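# quick one: sequence and predicted model below, then my questions.
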Amino acid sequence: RMETDCNPMELPNNTGFEEDSDYGDFEGTDVKDMRLEAEAVVNDVLFAVSNMFVSKTLPCAEDVAYINVETRERNRYCLELTEAGLRVVAYDFDQTDDRLQMPYHETVYSLLDSLSPAYREVFGNALLQRLEALKKESQS
């Protein structure tokens with residue numbers, strides 16, 4: 001018999017879910033949704049840029065997060081992450097410039113690809129190395 005720390009019978013009944021609610025799927029969602037998404041974006045491409053981190057000064061919310069990135073060319077950007085995608089909102093860390101009307105990119109890869117030739121090279125090389133490793137794996 002497995003020991004558990006929590007008896008399911010002791011759990012509170014008020015989960016916040018109302019059967020007649022149109023928003024049942026959204027009840028209890030973590031407000032840090034976009035921050036978690038932003039952290040995942042950073043972890044995905046950090047190896048191919050000089051510096052990248054989720055902004056601690058600009059406000060993160062359920063629907064928006066900000067990411068600071070410095071390319072290998074030493075250019076700094078502040079990126080906005082929303083459901084629409086990623087876009088440059090300033091040419092420095094922790095800034096937003098409402099006059100900048102940059103297009104949204106569906107992925108961080110396409111955004112960085114458009115900003116940084118060095119990113120493109122590093123990312124491409126990493127991809128080639130991975131493909132070579134898979135090729136060797138399948139031949140053994």
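Perfect, I can see it now. Because the structure is a prediction, the values reported are computed rather than measured.

# just give the number of residues close to Val42.
18 (other Cβ atoms under 10 Å). In this view, the C-beta of every residue, glycine as well, is placed from N, C-alpha and C.

# how close does the residue nearest to it when sequence neighbours are not counted get to Asp44?
Nearest residue to Val42, sequence neighbours excluded (Cβ to Cβ, 6 or more residues apart in numbering): Met52, at 5.0 Å. Plainly put, Met52 is 10 Å away from Asp44 if you go by Cβ to Cβ, to the nearest Å.

# with neighbour numbers in mind, choose between those two.
Shown here are Met52 and Asp44; by other Cβ under 10 Å, Met52 has more neighbours (23 against 13).

# can you verify the more buried one is assigned to a strand?
Yes. Assessed by DSSP: H, G, I helix; E, B strand; the rest coil, Met52 belongs to a strand.

# wait, it sits on Ile67?
Yes. Contact criterion Cβ atoms under 8 Å: Met52 and Ile67 qualify, at 6.6 Å.
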